[in-house]
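Visitor: sequence unavailable; structure follows:
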């Protein structure tokens, strides 16, 4: 038996849950579909379970993608908007260095608040239900075919996420649906994950943490990175400074370019200051103990501390990535409404789009912004239909 709803949202993640609650609050009938056994599965794990849900230092420079398109999205939804909105559904916040977390320091607080928001407004969430196809119904609406039946609706929102975090349900099924509707998909890469590197020394220094800066050399051209704690693994490097540069390395490697990593162990010192220090005290006071032998075996150890170079072979992969880079091209989506320029009535929200942010709450903020913009546009469209009168306003059949 076919179900009839106003909007079908595919994906019960960050963007899908918030958008569903916002729409349903206005009396619009919503069904959210998700293939997982519980809603907000990936959201519950974000930020190592702490859920850094926005950042007070918000700017398009913290994102990869079309800068002008991203600026339009951010102009519609600020960190203050996010803090107020989540407070209104029961999430009190705390801040540290611009990073905004739930006061409880638990991602579960955010997930539960969104679930309660949806429940209070009578959103129907159907779990373990995968959308296999989305097709036009010939009457200006859509038929969504799922593993548990068919749903007719006026609007579809694709909020499926990407391929990152396969153990949390990431598989990229939304890309297939987008393609079937006529959209292109930009090549996807792992984002916010570590890098596997060449060199025989990694096992020797595995487990150490370097307070330094990490940059890339792509075909010998330097791309400046960031400072912070670089974590050394048995086969390469990880940690936030590495995560921030992962997307750049992955894209360059896919294009056949030669990529190297560059660690500055003492970014607070100039090269001359390092040379002077080593002449007086040696390198032991500047690097973790396990690194001393490795660096002393390298020629010109003083220079190595300012630019330790090594080849990068690949990323840790999608299964360990926190976000997907690439996806539905933003030029195919209206930044003011999040509606498809290819198929009217279809909207996109969150990670499925070719926009990815750096660590620090930027990807979740983007998801919230998309949810708000898409919801606002659908509400506007529905209000316009109602204003035209019952003769022109044809609501979907009741269930």
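Guide: Received the coordinates, thanks. It should be emphasised that the depicted structure is a prediction, and the values quoted were computed from it without experimental measurement.
Visitor: give the contact list for residue 291.
Guide: By C-beta atoms under 8 Å, 6 or more residues apart in numbering, the contact set of residue 291 is 205, 208, 210, 265. Glycine gets a C-beta too; all of them are placed from N, C-alpha and C.
Visitor: go with 6 Å
Guide: By C-beta atoms under 6 Å, 6 or more residues apart in numbering, the contact set of residue 291 is residue 205.
Visitor: just read off the phi/psi values of it.
Guide: phi -80, psi -20 (degrees, to the nearest 10).
Visitor: ok, now residue 376?
Guide: Torsion angles, degrees, to the nearest 10, at residue 376: phi -60, psi -40.
Visitor: model confidence for it, exactly?
Guide: Residue-level confidence at residue 376 comes out at 98, pLDDT.
Visitor: what is the neighbour count of it?
Guide: Counted with other C-beta atoms under 10 Å, the neighbours of residue 376 add up to 18.
Visitor: shaky segments in the stretch 201-350 of the chain?
Guide: In the predicted model, the stretch 201-350 of the chain carries pLDDT under 70 at residues 298-302.
Visitor: ranges for the helices of it?
Guide: Secondary structure of the stretch 201-350 of the chain (DSSP state H, counting those that start in this stretch): helices at 202-205, 240-254, 271-281, 289-296, 301-306.
Visitor: just say which of those is most tucked in.
Guide: Of the helices of the stretch 201-350 of the chain, the one with the most neighbours on average (mean count of other C-beta atoms under 10 Å) is helix 240-254, at a mean of 21.
Visitor: ok, residues contacting that one?
Guide: 64, 189-195, 214, 216, 218, 225-226, 228, 230, 259, 312, 315, 325, 358-359.
Visitor: which one of the helices of the stretch 201-350 of the chain lies nearest to residue 175?
Guide: Nearest to residue 175 among the helices of the stretch 201-350 of the chain is helix 240-254; the distance by C-beta to C-beta comes to 16.6 Å.
Visitor: mind listing the helices for the stretch 1-150 of the chain?
Guide: Using DSSP H, counting those that start in this stretch, helices in the stretch 1-150 of the chain cover 14-24, 41-49, 67-75, 79-88, 107-120.
Visitor: circling back: just the ones in strands from the contacts of helix 240-254, please.
Guide: 64, 189-191, 195, 214, 216, 218, 225-226, 228, 230, 259, 312, 315, 325 (DSSP state E).
Visitor: out of the helices of the stretch 1-150 of the chain, name the one with the poorest average pLDDT.
Guide: Among these, helix 41-49 carries the lowest mean pLDDT (a mean of 88).
Visitor: now do the buried residues in that one.
Guide: Residues of helix 41-49 classed as buried: 41, 42, 43, 44, 45, 46, 47 (neighbour count, 16 or more other C-beta atoms under 10 Å).
Visitor: same question for stretch 137-147.
Guide: For stretch 137-147, the neighbour count (16+ other C-beta under 10 Å) marks 141, 142, 143, 144, 146 as buried.
Visitor: what would these look like in JSON lines with distance to residue 82 and pLDDT?
Guide: Formatted as JSON lines, the buried residues of stretch 137-147 follow (distance: C-beta to C-beta, whole Å; pLDDT from 0 to 100):
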{"residue": "141", "distance to residue 82": "32", "pLDDT": "94"}
{"residue": "142", "distance to residue 82": "30", "pLDDT": "97"}
{"residue": "143", "distance to residue 82": "34", "pLDDT": "96"}
{"residue": "144", "distance to residue 82": "29", "pLDDT": "97"}
{"residue": "146", "distance to residue 82": "31", "pLDDT": "93"}
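Visitor: if we can go back for a sec, closest to residue 321 out of the buried residues of helix 41-49?
Guide: For the buried residues of helix 41-49, the minimum distance to residue 321 (C-beta to C-beta) is 11.3 Å, reached by residue 42.
Visitor: distance of that closest one from residue 200?
Guide: From residue 42 over to residue 200 the distance is 36 Å, taken as C-beta to C-beta, to the nearest Å.
Visitor: equivalent analysis for residue 361, please.
Guide: As judged by C-beta to C-beta, residue 361 and residue 200 stand 38 Å apart.
Visitor: and these two? which has more neighbours close in?
Guide: Neighbour count, other C-beta under 10 Å: between residue 361 and residue 200, residue 361 has more, with 27 against 7.
Visitor: out of the helices of the stretch 1-150 of the chain, deepest packed?
Guide: helix 14-24 (a mean of 29).
Visitor: which helices and strands sit right next to that helix?
Guide: If contacts are counted by 3 or more C-beta pairs under 6 Å, 6 or more residues apart in numbering; DSSP states H and E, helix 14-24 sits against strand 7-10, strand 30-33, helix 107-120, helix 362-387.
Visitor: list of residues touching the second one?
Guide: If I follow you right, that is strand 30-33. The contact list for strand 30-33 (C-beta under 6 Å, 6+ apart) reads 5, 7-10, 12, 16, 20, 23-24, 123-126, 129, 131, 146.
Visitor: and the residues you listed, which are buried?
Guide: Buried members of the contacts of strand 30-33, counted by 16+ other C-beta under 10 Å: 5, 7-10, 12, 16, 20, 23-24, 123-126, 129, 131, 146.
Visitor: chain center to stretch 228-241: distance?
Guide: Offset of stretch 228-241 from its chain centre (C-alpha atoms, centre = their mean, to the nearest Å): 20 Å.
Visitor: returning to that earlier point: and of the helices of the stretch 1-150 of the chain, who's closest to residue 238?
Guide: Evaluated with C-beta to C-beta, those place helix 41-49 nearest to residue 238, the distance being 13.0 Å.
Visitor: ok, residues contacting the closest one?
Guide: Contacts for helix 41-49 (C-beta under 6 Å, 6+ apart): 13, 14, 107, 108, 111, 165, 168, 169.
Visitor: how far off centre is that helix?
Guide: Relative to the centre of its chain, helix 41-49 is centred 12 Å away, using C-alpha atoms, centre = their mean.
Visitor: cool, stretch 38-50 as well?
Guide: That offset, for stretch 38-50, works out to 12 Å (C-alpha atoms, centre = their mean).
Visitor: and what of stretch 327-342?
Guide: Mean-position distance between stretch 327-342 and its chain equals 17 Å (C-alpha atoms, centre = their mean).
Visitor: again with stretch 262-281
Guide: 36 Å.
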